[in-house]
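Undergrad: coords please:
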Amino acid sequence: MTNDQTPLEGTPLIAPSSTDHPLYDQVVEACRSVYDPEIPVNIYDLGLIYTISIDAENAVDVKMSLTAPGCPVAGEMPGWVASAIEPLAGVKQVDVELIWEPQWGMDMMSDEARLELGFM
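TA: Below you'll find the model as predicted:
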């Protein structure tokens with residue numbers, strides 16, 4: 001990022017996930033077990049999980065957002081996500097960070113989430 005907070009040319013707003021890591025699908029399913037208490041859709045399908053990065057030592061780093069900065073569970077949600085991922089066999093450690101850029105939008109929801117919430 002530059003001083004005016006615009007991304008450098010070619011830098012993605014959301015870092016890519018480790019989709020080719022053997023634990024990736026299990027981590028996604030663990031994220032799908034976590035729900036925002038105000039919305040009847042899991043946080044993964046809501047598009048709140050931005051990046052799942054898993055290194056060679058099986059340490060998992062999750063970058064996520066919330067539907068709004070004033071979300072009443074903002075302080076608790078990262079812990080819920082970490083608690084869902086930590087029991088997976090092979091996971092060494094889990095770090096979950098809340099980020100606010102880019103801001104979450106309804107366009108980040110999966111088709112399943114849109115259907116569930118009546119937007120399709």
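
Undergrad: Which stretches in this protein count as strands?
TA: With DSSP state E, the ranges of strands along the chain come out as 49-54, 59-64, 93-98.

Undergrad: Quick check: phi and psi on the nearest residue to D36 once chain neighbours are set aside?
TA: Nearest residue to D36, sequence neighbours excluded (CB to CB, 6 or more residues apart in numbering): I43, at 6.0 Å. All C-beta spots, glycine's among them, are computed from the backbone N, C-alpha and C. The phi and psi torsions at I43 (degrees, to the nearest 10) take the values phi -70, psi -30.

Undergrad: List the contacts of I43.
TA: When the contact criterion is CB atoms under 8 Å, 6 or more residues apart in numbering, the partners of I43 are 31-32, 34-36, 49, 64, 77, 81.

Undergrad: which of the residues you listed are buried?
TA: Listed as buried from the contacts of I43 are 31, 34-36, 49, 64, 77, 81; burial here means 16 or more other CB atoms under 10 Å.

Undergrad: So among those, where is pLDDT lowest?
TA: Checking pLDDT across the buried ones among the contacts of I43, the minimum falls on D36 at 84.

Undergrad: distance of T51 from T19?
TA: Distance of T51 to T19, given as CB to CB, to the nearest Å: 11 Å.

Undergrad: Then V96?
TA: Counting by CB to CB, the gap from V96 to T19 is 18 Å.

Undergrad: Also V91?
TA: V91 sits 16 Å away from T19, going by CB to CB.

Undergrad: The two - which one has more neighbours?
TA: When V91 and T19 are compared on other CB atoms under 10 Å, the one with more neighbours turns out to be V91, at 17 against 10.

Undergrad: show me what contacts the more buried one?
TA: Counted by CB under 8 Å, 6+ apart, V91 has contacts 23, 27, 58-60, 85.
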